[in-house]
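*Asks:* give me coordinates for this.
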Amino acid sequence: TEKRRQPTQLKQNSYGTQLGLSFGIGSMGFAAISGNYSRENIKSTILAFQLSLDANSDAGGGDIVLGIAPLPFLRAGVLGGFGVGNNAYQFVGVPAAPVGADSSGYRFGGFVGASYPVGPVLLSLDATVITIRKRQYYGPSNSTPVAHFGSTIGLLHLNAMYNITARLRLNAGIVLNQVFSEKIAPAERGLDRSWFTLQSGLTYQLNDRWEISVKGLTCLSNQRMRYSRASIGAAYRF
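*Replies:* The predicted structure is shown next:
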């Protein structure tokens, strides 16, 4: 992920991995559990001091989804997760040791969605509301030893899936992101109130068990977080 042209002159490269397991429960239920880890390298000019800053961070966490599909085309459920991380940063050209911070957070929410075939295309519409709460500990020497912040965001996701061949599948979608409420951390700027995310991907089924995929997304109409992300993955069916 690379973010550019922000008011804080932030350039952030993120490298991450995620491992998950999804499965059915009875005739109508479904669930998924996943874990993730990421490493970030950051070059920035923060708002508070207008000094160049080099930083790196490590983050990890997990998520769980529980849902029900009373009809094949209708679904609803809840989700939750947690995250922990730490970072170290240093002002460029300033003779001082690096400074670090530890963070933790959790998230919870719910979703409802439906799918409907239109010729060879499967259209899906999903609505999600998620609340995120974060805590960052800077240490007693910082002007703000502990910061608490978070937000509640709604996502409306329209997706289309098309089978190019019997093995190759195309997905494309757009997400409307809407911030309902937000508590902003000290010396930071708030999120944009609303923006769009474009998503697309290709999935290829190698055989009855294995499939591989490549995906990408980018943000539109977002001044606070202008970024793009690309990922590759593989799935195995038991």
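
*Asks:* from now on I want contacts and neighbour counts done on CA atoms only, so please keep to that.
*Replies:* OK.

*Asks:* and the strands in this protein?
*Replies:* All strands of the chain, identified by DSSP state E, fall at 2-3, 11-25, 29-45, 52-71, 74-91, 99-118, 121-137, 146-163, 168-183, 194-205, 210-220, 227-236.

*Asks:* these: lowest mean pLDDT?
*Replies:* Out of the strands of the chain, strand 2-3 stands lowest, with a mean of 48 (criterion: mean pLDDT).

*Asks:* settle this for me: Phe30 is touching Gly24, isn't it.
*Replies:* Yes. Shown here, Phe30 and Gly24 form a contact pair, counting by CA atoms under 8 Å, at 4.1 Å.

*Asks:* of the two, who's got more company?
*Replies:* Neighbours of Phe30 and Gly24, each counted by other CA atoms under 10 Å, are more numerous for Phe30; the result is 18 against 13.

*Asks:* how near is that one to Gln18?
*Replies:* Between Phe30 and Gln18 the computed distance is 19 Å (CA to CA, to the nearest Å).

*Asks:* could you do Gly100 as well?
*Replies:* Following CA to CA, the distance that separates Gly100 from Gln18 is 25 Å.

*Asks:* do Asp192 as well
*Replies:* Taking CA to CA, one finds Asp192 at 27 Å from Gln18.

*Asks:* same question for Ser115.
*Replies:* Here Ser115 is placed at a distance of 26 Å from Gln18 (CA to CA).

*Asks:* those two - which one has more neighbours?
*Replies:* Remark: of Ser115 and Gln18, Ser115 carries more neighbours, 17 against 13, as counted by other CA under 10 Å.

*Asks:* surely Tyr106 meets Gly81?
*Replies:* Yes. With contact defined as CA under 8 Å, Tyr106 counts as touching Gly81 (5.6 Å).

*Asks:* how about residues contacting stretch 185-196?
*Replies:* With CA atoms under 8 Å, 6 or more residues apart in numbering as the contact definition, stretch 185-196 has outside contacts at 47-48, 144, 147-149, 174-180, 182, 184, 219-225.

*Asks:* apply 7 Å and report the result again.
*Replies:* Judged by CA atoms under 7 Å, 6 or more residues apart in numbering, the contacts made with stretch 185-196 from elsewhere in the structure are 47-48, 147-149, 174-179, 184, 219-224.

*Asks:* among those residues, which ones are buried?
*Replies:* The neighbour count (16 or more other CA atoms under 10 Å) marks His148, Ile174, Val175, Leu176, Asn177, Gln178, Val179, Cys219, Leu220, Asn222, Arg224 as buried among the contacts of stretch 185-196.

*Asks:* gap between the fifth one and Ser34?
*Replies:* Put plainly, it is Asn177. Following CA to CA, the distance that separates Asn177 from Ser34 is 23 Å.
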